[in-house]
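>>> Give the three-dimensional model of this entry:
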Amino acid sequence: MSGHRSLPPATEALIAEALGEALSPITDDITGLTCLADGADTLFARAVLAQGGQIEVIVPAEHYLAGLPGEHHAEYRKLLAQATQVHRMPFTESTSEAHMAASQHMLTLADELWAVWDGQPARGYGGTADVVQAARDFNKPVRTIWPSGAARG
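Numbering: from 1, shown residues only. Just a heads-up that it's a prediction; the model follows:
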């Protein structure tokens with residue numbers, strides 16, 4: 001999973017619904033890979049768990065949590081505790097390079113990339129557009145989720 005962060009509440013609701021609809025026909029065991037950032041990553045993790053699946057978490061850096069919004073910390077910890085496996089990257093600081101390395105590691109484990117993406121260029125290195133391009137470079141299928149009416153903050 002890769003997707004936008006800091007989404008408006010109305011967009012989060014649209015994306016949560018779209019993810020639930022996309023996951024509902026899947027009857028096989030589902031394992032979602034996510035970094036649990038605020039926004040799309042968390043919505044995806046919740047949807048996978050609600051579907052009866054499991055999540056694996058990729059932690060980009062030792063200080064990753066410190067770089068996330070304070071209001072997201074409790075949710076991050078709650079979802080991290082539900083992970084069946086946690087992959088920790090060898091970075092200390094939560095930088096764009098660490099985030100992109102985590103995404104590339106995720107792609108080595110994933111069968112396909114689900115991207116909550118508006119189709120626009122990344123706002124910084126390691127953004128959703130960069131992860132989508134990396135997935136294509138790895139010949140991974142990309143499933144884009146961006147419901148009608150969604151907007152970035």
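>>> tell me the contacts of the residue most central in space within the chain?
Taking C-alpha atoms, centre = their mean, the centroid of the chain lies closest to residue 41, which sits 3.1 Å from it. Contact partners of residue 41, counting by C-beta atoms under 8 Å, 6 or more residues apart in numbering, are 1, 2, 3, 5, 34, 35. C-beta: built from backbone N, CA, C; applies to glycine.
>>> Residue 1 is in contact with the fifth one, correct?
The reference is to residue 34. Yes: Residue 34 is within contact range of residue 1, at 4.6 Å (criterion: C-beta atoms under 8 Å).
>>> For the strand or helix carrying residue 43, buried residues please.
Per DSSP states H and E: residue 43 is located in helix 40-50. For helix 40-50, burial by neighbour count (16 or more other C-beta atoms under 10 Å) applies to 40, 41, 42, 43, 44, 45, 46, 47, 48, 49.
>>> can you put those residues in JSON lines and add pLDDT?
Converted to JSON lines, these look like this (pLDDT from 0 to 100):
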{"residue": "40", "pLDDT": "97"}
{"residue": "41", "pLDDT": "97"}
{"residue": "42", "pLDDT": "98"}
{"residue": "43", "pLDDT": "98"}
{"residue": "44", "pLDDT": "98"}
{"residue": "45", "pLDDT": "98"}
{"residue": "46", "pLDDT": "98"}
{"residue": "47", "pLDDT": "97"}
{"residue": "48", "pLDDT": "97"}
{"residue": "49", "pLDDT": "97"}
